[in-house]
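> Provide a 3D model corresponding to the input given below.
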Amino acid sequence: MSDHNDTPFHDTPAHAAPSSADATPTAAASAPAAASSASTPDSGAASASAGHAPAGNTDAAPTADGTAAAGPTPEAGLTRGERSERGEERGERGQRRRRGGRGQGNGGAGRPAADGTQPERQPQAQRQNPAKGQNAAQRNAGRKVHPLLETLAGLYPHLFGARFLPLKRGIYEDLLARHAEVLPGDELKVALGQHARSTRYLDAIANRVPRHDLDGQPVEELAPDHVHHAIVELFKRRQGRTQEDLRPQLVARLADAIGASGLERMDYVQQVRVAQPDALALIDEAFTEHGRRLARREALQRAFEASGQPTVEAFAAMYGMDLGEARRVLGKQPGKGAAAAAPAASEA
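Numbers count the residues shown, from 1 in each chain. The predicted model follows:
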């Protein structure tokens, strides 16, 4: 979806030219006087008398063709102060029209229609960003899947089918070696690039699924930097589609990745190659969460050993803990008892 056209052109109203009703009586009288000065010899006296008429006299002089100018204006008989106030009011109305009306600077929203009815006002957020309320399927309707990806899904459904698996490095060369006649090199690069940027593929990377070869065999673990950047990219995409704060989920997922990497902070930062202050602050937050988890695991492990309970199930029931949470923290499968506690504690 392109964001170059977030603001439709019709949101900018054309400036309305001031009507003749906004012109001052002197200006209205000077127009016929100027026209008559070009046609009659004695028009100078007529224009002079029109330009310097007494304040209360609003009758215009006859024009060159004998027709009379506009009759008495609504200001006839007003004092000088009242005419000044009327002029100020007209000036304010003209400025509001040029601005599109009070509270109507966004394309004249709220301006009455010709039949006098009031149009429905749109929410301000929708007026500022019309694409905000669009359905995700509509936003993605213009995106087309590269034709070669459909070919690859037919050739390797276990890699490009319903489930995406991380591909081994060098998969491009392997594909060309096997299918050079049906997979043009330049187009294949474009197709693989689109595949690697897809949300489903990034989710497989973020879940630390091993890389696979063309035969569907796992060949290598993912590098920590690939996992880290996939998690961050998924967070950005998902956060842009919701008002919910997803940062706690981001921190928890990065803490999992940090624990799986086994790296200290300095080594991890060097691996992921980030230097921006906000990115470093995010890593620090994830390492803090990882340290909190380790401390809790060690404390729970000591409590499990001291309880004398033969199984995690009995330990969880003794302390009223959630069984799934106890298994996750202690790293034990159902049926494993205190005999496995010491190795788990040493690994932590």
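> count of neighbours near the spatially closest residue to Arg273 that is not a sequence neighbour?
The shortest distance from Arg273 to any residue other than its chain neighbours is 6.3 Å, reached at Asp225 (CB to CB, 6 or more residues apart in numbering). Backbone N, C-alpha and C define where each C-beta goes, glycine included. The local packing count at Asp225 equals 15, with neighbours defined by other CB atoms under 10 Å.
> isn't Asp225 right up against Gln270?
No. Counting by CB atoms under 8 Å, Asp225 sits too far from Gln270 to count as a contact (9.3 Å).
> Now do the contacts for the residue nearest to Arg273.
Applying CB atoms under 8 Å, 6 or more residues apart in numbering to Asp225 gives the contacts 271-273.
> In terms of pLDDT, where does it sit?
Asp225 is assigned a predicted lDDT (pLDDT) of 97.
> What is the three-state secondary structure of the nearest residue to His146 once chain neighbours are set aside?
Leaving aside its chain neighbours, His146 sits nearest to Ala191 (4.1 Å; criterion: CB to CB, 6+ apart). Classification of Ala191 using DSSP: H, G, I helix; E, B strand; the rest coil returns helix.
> quick one, what contacts Ala191?
Shown here is Ala191, whose contacts under the criterion CB under 8 Å, 6+ apart are 146-149, 152.
> for the lengthiest helix in the chain, packing partners?
Once the chain is assigned using DSSP state H, the helix that runs over the most residues is helix 277-307. Taking 3 or more CB pairs under 8 Å, 6 or more residues apart in numbering; DSSP states H and E as the contact definition, the neighbouring helices and strands of helix 277-307 are helix 247-261, helix 265-272, helix 312-319, helix 323-330, helix 341-347.
> Could you tell me whether the residue nearest to Arg273 really is in a strand?
No. With three-state DSSP as the criterion, Asp225 is located in helix rather than a strand.
> Offset the numbering so it begins at 34, please.
Sure, I'll start numbering at 34, so the last one becomes Asp258.
> That one and Ile316, how far apart?
Between Asp258 and Ile316 the distance is 12 Å, computed by CB to CB, to the nearest Å.
> what do the two both touch?
Val305.
> circling back to that earlier point, got a quick PyMOL command for the buried subset of the contacts of Ala224?
What follows is the PyMOL syntax selecting those of the contacts of Ala224 that are buried according to 16 or more other CB atoms under 10 Å:
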select buried, resi 179+181+182+185
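> Nearest to Ala288, out of the contacts of Ala224: which one, please.
Sorting the contacts of Ala224 by how near they are to Ala288, with CB to CB, puts Leu182 at the top with 33.6 Å.
> got a list of what that closest one touches?
If a contact means CB under 8 Å, 6+ apart, then Leu182 has 193, 224, 227-228 as its contacts.
> Show me those that map onto helices.
Cross-referencing those against helices under DSSP H gives 193, 224, 227-228.
> about what we covered before: now tabulate the contacts of Ala224 in JSON lines and tack on pLDDT and distance to Asp246.
Rendered in JSON lines, the data for the contacts of Ala224 read as follows (pLDDT from 0 to 100; distance: CB to CB, whole Å):
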{"residue": "His179", "pLDDT": "93", "distance to Asp246": "22"}
{"residue": "Pro180", "pLDDT": "93", "distance to Asp246": "24"}
{"residue": "Leu181", "pLDDT": "95", "distance to Asp246": "19"}
{"residue": "Leu182", "pLDDT": "96", "distance to Asp246": "18"}
{"residue": "Leu185", "pLDDT": "97", "distance to Asp246": "14"}
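> Go through the contacts of Ala224 and name the one nearest Ala285.
Top of the list for closeness to Ala285, among the contacts of Ala224 and by CB to CB, is Leu182 at 32.1 Å.
> Assign that closest one to helix, strand or coil.
Using three-state DSSP, the three-state assignment for Leu182 comes out as helix.
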